[in-house]
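S.K.: I need the structure of the sequence given here:
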Amino acid sequence: MVVHLSKMDIEATDSATRPYRVGFVLIDGFALMSYASAMEPLRACNLLSGKLLYDIQHIAVAGDHARSSSGALVPATITQEEPAELDLVLVIAGGDPSAINSPELARWLRHQSGKRVLIGGVSRGPMILAQAGIMESRRMTVHWEHAQALAQVSSTLIIERSLYVRDRDRLTCAGGTAALDMMHALIAEQHGPVLAGKISEWFVHADIRPGELAQRASIAQRFGVSHRAVIHSIEAMENHLADPLELAQLASLADLGGRQLNRLFQQELGTSVVQFYRQLRLQKAHELLESTSWSVENIATATGFANGAHLSRRFTQFHGISPRGVRLQKVGIS
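M.R.: Next comes the predicted model:
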């Protein structure tokens, strides 16, 4: 009897017997911590299993290597032009991804998305996926520092503040050690929890965190506050930096009067609600000046100031340096 295998059967059999092919797309300025946390578990999986379970390739956007933020070089093993067949593509980026202008990379990512490839981004990599137009209608995450910049890419993006998010054929991660947790989940899914557990123990990372955990310390820890109304008010402020809420709105959310809320802020933070809110927005403006190439006008819009002049005046009063001065410091001009 002759058995005829369908294309799907052949693909399933092939994928079960060959190594899982992973391509790391490294953008110059990537963080070694994020890269190592994503790549090393795969290497350890090959080592501890005694088999080539993961075939790891490195893809540089330009040239024959990628340079990390600390200056380390990672040689490329394949190029975007080569007809490599991959199962997982992970884009790892640092620096300012909004400054990356590579139509070739965007086209390559869109081409991969049409090939039933699992595509992911780590640290600032998710922003590059969004800029390539392949994250529409999918949940995603990014490092908390860049969540607001990511939201500017498209109003339809579904952004969560989780460690990592798997949504069908997309995998996004906040970066840093969160990639260890993400790869543990991937290895456990493909090769079982026993091997995944051995790899986590190998890296002294026994406390595996689920992807839905928040990236940052709690508001209570970050600001040293304890009253529930103050915590809820700060959470509302962080969710409304571009469209600041009025004192009455914040007080209503906390189920208090405006004077009561101000009294609590004075007790716990030594400042008024309005002053604290403005400080949050000015701190975010400073982060955006350092982490993006946005204009001062765009940053003013993103942080709830009337215009660039208004932001510049408040920014200089609070930080003791103008937005232009921050940019000059960034490029090493004093």
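
S.K.: pLDDT below threshold where in the protein?
M.R.: Applying pLDDT under 70 to the chain flags residues 1-16, 83, 96-100, 210-216, 331-334.

S.K.: measure the residue nearest the centre of it to Val165 for me?
M.R.: By Cα atoms, centre = their mean, the mean C-alpha position of the chain lies nearest to Val142, the distance being 2.1 Å. For Val142, the distance to Val165 equals 10 Å [Cβ to Cβ, to the nearest Å]. C-beta here means a position set from N, CA and C on the backbone, and glycine is covered the same way.

S.K.: same check, this time on Glu40
M.R.: Counting by Cβ to Cβ - Glu40 and Val165 are separated by 21 Å.

S.K.: likewise Gln148?
M.R.: Using Cβ to Cβ, we find Gln148 at a distance of 17 Å from Val165.

S.K.: what about the two, which has more around it?
M.R.: Val165 (24 against 21; other Cβ atoms under 10 Å).

S.K.: on that earlier part again, determine the number of other residues adjacent to the residue found closest to the residue nearest to the centre of the chain once you drop the neighbours it is linked to in the chain.
M.R.: The spatially closest residue to Val142, leaving aside those adjacent along the chain, is Pro126, at 4.3 Å (Cβ to Cβ, 6 or more residues apart in numbering). By the measure other Cβ under 10 Å, the count of residues near Pro126 is 33.

S.K.: for Pro126, helix, strand, or coil?
M.R.: For Pro126, the secondary structure call by DSSP: H, G, I helix; E, B strand; the rest coil comes out as helix.

S.K.: so it sits right up against Ala151, yeah?
M.R.: No. Counting by Cβ atoms under 8 Å, Pro126 stays clear of Ala151, with 11.7 Å between them.

S.K.: quick one on the thing from earlier: need the residues touching each of Val142 and Val165.
M.R.: Contact criterion Cβ atoms under 8 Å, 6 or more residues apart in numbering; residues shared by Val142 and Val165: Thr172.

S.K.: And Ala44, which helix or strand is it part of?
M.R.: Ala44 belongs to helix 32-49 when assigned by DSSP states H and E.

S.K.: can you list contacts of the next helix or strand along the chain from that helix?
M.R.: Using DSSP H and E, the helix or strand that follows helix 32-49 towards the C-terminus is strand 54-60. Here strand 54-60 makes contact (Cβ under 8 Å, 6+ apart) with 18-26, 39, 42-43, 45-46, 66, 74-80, 84, 86.
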